[in-house]
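Asks: Sharing a model that was predicted from the sequence below.
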Amino acid sequence: MKFKDIFLILIIATFSCNSFAQSYKIDVEISDLSETEIYLGYYYGNKTYVKDTISLNSKGKGSFVGDSLLEQGLYIVVMPSKSYFDVIVGDDQEFSLKTTSTDLITKLEIKGSTENQALKDFQDHMGAENKKSMHMQAQIKALSKDSDSLEIYQDQLKELSENMNTFWDKTIENNPNNVLGVLVKAMKSPIIPEYKVPENIVNKDSARWFHSYSYNRDHYFDFIDFSDKRFLRTPMFHNKVETFFSKVIIQDPDTINHYIDIIIEKCEQDDEMLEYWLRHFIVTYQQSNIMGMDKVFLHLAEKHILPRKIEWLTAETMDKIKTEASKLRFNQIGNTAQDLKMETIHKEYSRLNDITAKYTLVYFWEPNCGHCKKTTPKIFDIYNQFTRDEFEVFAVYTQTNKEEWTKYIFDKGYDKWINVWDQYNLTNFRYFYNINSTPTLYLLDENKKIVAKRISAETLKEILDIELGKTTVKEKIEKERN
């Protein structure tokens, strides 16, 4: 054989091997189904998507086949009944699965994939251990506090928990670079060590709580690699991060911003991971109804979105984010409110900064607004419960029909508080206070710092009652309980 022929055969063989390695083939047999469609789905963040669809033949057999490798992660094989079982797609993407539609997990047989067999073994073991745990917890719940058996069951439950954690750690250790290891890491939480409170600490319960809180916060992501996009294709990862930001850390905008910065920095090594979490954070905090959380959106926009060249955001979307951020910049809680000098109902001028009350409500409203018609009388009632040294209202009419405005005020008796308008928008109040709808409420302290915004009349009353000494937080809680 000539050298050129040998060389040609080697090239063909190499090409064939490469092509073979760059494809997937998952054979599936559902023994009690035939002539029906099943689906190969995958997890992405907190959602699932369909990747492939096949029709089983008369013997319940079919194959998911593709000419390029699947993204590694946890997938699902979905039956017509919407029941499903999990499948790992890792380095080895050619294997077979056999089961029945009525007993997907127990009857599952795997060939050609040690990783999927390890997943099944892990699930079987954890299922058995969880049953033991639930049984022990039921026994403990049924026992009286002075029962001799209580301590025995509690010790057994603690030992079981320790064994389960050891099993998790061993699974991670035995699967350092594959999807199963990623999957188990995404589920794992830090084990908080016992804390011996120093004797000189008076409030020992608070000390223990702070130790648990800070340790959990600082070690929560010890097992997560934000540069590994395979985590995105597990059902636990998104929920783990979301739980951290909604339940683990203190719900304070500055605290949330600090940890968002940490997460984004961790994601910088992988474009897909970075895109996913930037999208998630910007949508979450742009839509948040919690007072003050727009500060998180502003932080995201100014530090992580606008300074970047982001290909997956259109120019129009970037402009919208820029515009919205600019409207939020001047009205954050803790900021000094923009001063407003406006014409009063008596054709004089009143200035917001000249008000000397301990608290001032800047109330943006209009007579024909349905919500305003319900809110304004409530605020007027609150207004009459306090002195002007305590509380004043700077009521800004947002429209231009003076006759309609003045008639409504005098008809309803709202002429006692400060009524102002800006017919030609010389103060640019809509921009500085981000007025897109009415009514909109801003509560300022005596230094004109914003202490609350976009609140209801009921929340306004609660804040004033507490801050002006009408009630205490403890009394408020006890009243609500009763």
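Replies: Received the coordinates, thanks. Residues are numbered from 1 along each chain as shown.
Asks: Specify the local secondary structure of the residue nearest to Asp389 when sequence neighbours are not counted.
Replies: Excluding its sequence neighbours, the residue lying closest to Asp389 (CB to CB, 6 or more residues apart in numbering) is Ala357, at 6.0 Å. C-beta coordinates here come from the backbone N, C-alpha and C atoms, glycine included. Assigned state for Ala357: coil (three-state reduction, DSSP: H, G, I helix; E, B strand; the rest coil).
Asks: So Met236 is in contact with Lys185, correct?
Replies: No. Checked against CB atoms under 8 Å, the pair Met236 and Lys185 is beyond contact range at 9.1 Å.
Asks: Name the residue in those two with the higher neighbour count.
Replies: Between Met236 and Lys185, counted using other CB atoms under 10 Å, the more crowded position is Lys185 (23 against 19).
Asks: distance of Gln139 from Val77?
Replies: Using CB to CB, to the nearest Å, Gln139 is found at 37 Å from Val77.
Asks: In terms of packing, which of those two has more residues around it?
Replies: Val77 (22 against 17).
Asks: What is the neighbour count of Tyr195?
Replies: By the criterion of other CB under 10 Å, Tyr195 has 14 neighbours.
Asks: oh sorry, the question was meant for Asp411
Replies: A count of nearby residues for Asp411, using other CB under 10 Å, gives 10.
Asks: again, but for the one 10 residues further on
Replies: For Trp421, the tally of surrounding residues (other CB under 10 Å) stands at 21.
Asks: Can you tell me who it pairs with across the strands?
Replies: For Trp421, the beta-bridge partners under DSSP bridges are Glu343, Tyr397.
Asks: tell me the contacts of the closest residue to Phe245 other than its chain neighbours?
Replies: Leaving aside its sequence neighbours, Phe245 sits nearest to Ile256 (CB to CB, 6+ apart; 6.2 Å). Residues near Ile256 by CB atoms under 8 Å, 6 or more residues apart in numbering: 245, 249, 285, 293, 296.
Asks: measure Ile256 to Asn239 for me?
Replies: Separation of Ile256 from Asn239 (CB to CB): 17 Å.
Asks: same question, Ala325
Replies: Distance of Ala325 to Asn239, computed by CB to CB: 28 Å.
Asks: the more surrounded of the two?
Replies: Between Ala325 and Asn239, counted using other CB under 10 Å, the more crowded position is Ala325 (19 against 14).
Asks: Is that one part of a helix or strand, or is it coil?
Replies: Look at Ala325: counting by three-state DSSP, its state is helix.
Asks: partners of Phe85 in the sheet?
Replies: Beta-bridge pairing for Phe85 (DSSP bridges): Val77.
Asks: What about it, how many residues nearby?
Replies: Count around Phe85 with other CB under 10 Å applied: 17.
Asks: Verify the stated contact: it with Lys107.
Replies: No. With contact defined as CB under 8 Å, Phe85 does not reach Lys107; the gap is 9.9 Å.
Asks: Could you pull out the residues contacting both of these two?
Replies: Common neighbours of Phe85 and Lys107 (CB under 8 Å, 6+ apart) are Thr99.
Asks: that older thread, any idea how far Ile345 is from the residue nearest to Asp389?
Replies: Distance of Ala357 to Ile345, given as CB to CB: 19 Å.
Asks: you'd agree Arg233 is up against Ile76?
Replies: No. Shown here, Arg233 and Ile76 do not form a contact pair, counting by CB under 8 Å, at 11.0 Å.
Asks: Common neighbours of those two, please.
Replies: Counting by CB under 8 Å, 6+ apart, the common neighbours of Arg233 and Ile76 are 42-43.
Asks: more crowded one of the two?
Replies: Between Arg233 and Ile76, counted using other CB under 10 Å, Arg233 has the larger neighbour count: 21 against 18.
Asks: show me the contacts for the more buried one.
Replies: Shown in contact with Arg233 (CB under 8 Å, 6+ apart): 42-44, 71-74.
Asks: pLDDT at Gly45, what is it?
Replies: pLDDT recorded at Gly45 is 95.
Asks: what's the closest non-adjacent residue to it?
Replies: Nearest to Gly45 is His238, by CB to CB, 6+ apart, at 4.3 Å.
Asks: tell me, how many neighbours does the one you found end up with?
Replies: His238 is flanked by 20 other residues according to other CB under 10 Å.
Asks: Then Lys59?
Replies: The number of residues packed near Lys59 is 12, by other CB under 10 Å.
Asks: Now for the closest residue to it other than its chain neighbours, how many residues are close by?
Replies: Spatially, and ignoring its direct neighbours in sequence, Lys59 is nearest to Ser34 (6.7 Å; CB to CB, 6+ apart). Using other CB under 10 Å, Ser34 has 13 other residues around it.
Asks: swap in the one 3 residues further on?
Replies: A count of nearby residues for Glu37, using other CB under 10 Å, gives 13.
Asks: and if you look at Tyr84?
Replies: Using other CB under 10 Å, Tyr84 has 17 other residues around it.
Asks: Looking at the contacts of Arg233, spot the one nearest Pro176.
Replies: Closest approach between the contacts of Arg233 and Pro176, by CB to CB: Gln72, at 14.5 Å.
Asks: List the contacts of that closest one.
Replies: 89-91, 179, 230, 233.
Asks: Neighbour-wise, which one of the residues you listed leads?
Replies: Highest neighbour count within the contacts of Gln72, by other CB under 10 Å: Val89, with 26 neighbours.
Asks: I'd like the distance between that residue and Leu69.
Replies: According to CB to CB, Val89 stands 9 Å off from Leu69.
Asks: Now list whatever residues contact both of the two.
Replies: Any residue near both Val89 and Leu69 by CB under 8 Å, 6+ apart counts here, and that gives Tyr24.
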